[in-house]
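Chemist: Show me how the following folds:
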Amino acid sequence: MSRSVHDLLAAARSRLDRPDPHRAAAMVERGAILVDTRPGWQREQEGELPGALVIERNHLEWRLDPSSDARIPEATDHDVTWIVFCSEGYSSSLAAASLQDIGLHNATDLDGGYQAWTKAFGPVRG
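Modeler: So this is what the prediction gives:
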């Protein structure tokens, strides 16, 4: 039996505690790390969040898995709180679920993505 992308998204979100922009900002103040998964053209068009790590979606698991040879320095262990975001919060939900699948149990995504952040805090330019 096949599942639709909507089913996959619902399943991913059912296990994520997705913070809104205000709660995400508070989480970052306590040590969570924002990760922008949007492609370069989209960051160029929409803007960037200062302080967010940029790791495009196709590299995400390799960069954040602490056991990967391609990990970034911030990927110290499986307890890091990662808040990934895309433009509107759809692909980032799937990405956060994938991160949980590799043991990053504190991974989640920004509810509403970059668009929600700019609605909450105003336009942002890198």
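
Chemist: Roughly how far does the spatially most central residue of the chain sit from Ala107?
Modeler: The chain has Val84 as the residue nearest its centroid, 0.7 Å off, counting by Cα atoms, centre = their mean. The gap separating Val84 from Ala107 is 7 Å, by Cβ to Cβ, to the nearest Å. Just so you know, the C-beta spots here come from the backbone N, C-alpha and C atoms, and that holds for glycine as well.

Chemist: any common contacting residues for these two?
Modeler: Shared contacts of Val84 and Ala107 (Cβ atoms under 8 Å, 6 or more residues apart in numbering): 96, 99.

Chemist: coming back round to it: in a helix, the residue nearest to the centre of the chain, correct?
Modeler: No - assigned with DSSP: H, G, I helix; E, B strand; the rest coil, Val84 falls outside any helix and is strand.

Chemist: ok, it touching Ala97?
Modeler: No - contact criterion Cβ atoms under 8 Å: Val84 and Ala97 do not qualify, at 10.2 Å.

Chemist: what are the ranges of the helices in this protein?
Modeler: Here the chain has its helices, by DSSP state H, at 5-14, 21-29, 40-46, 60-64, 91-101, 113-121.
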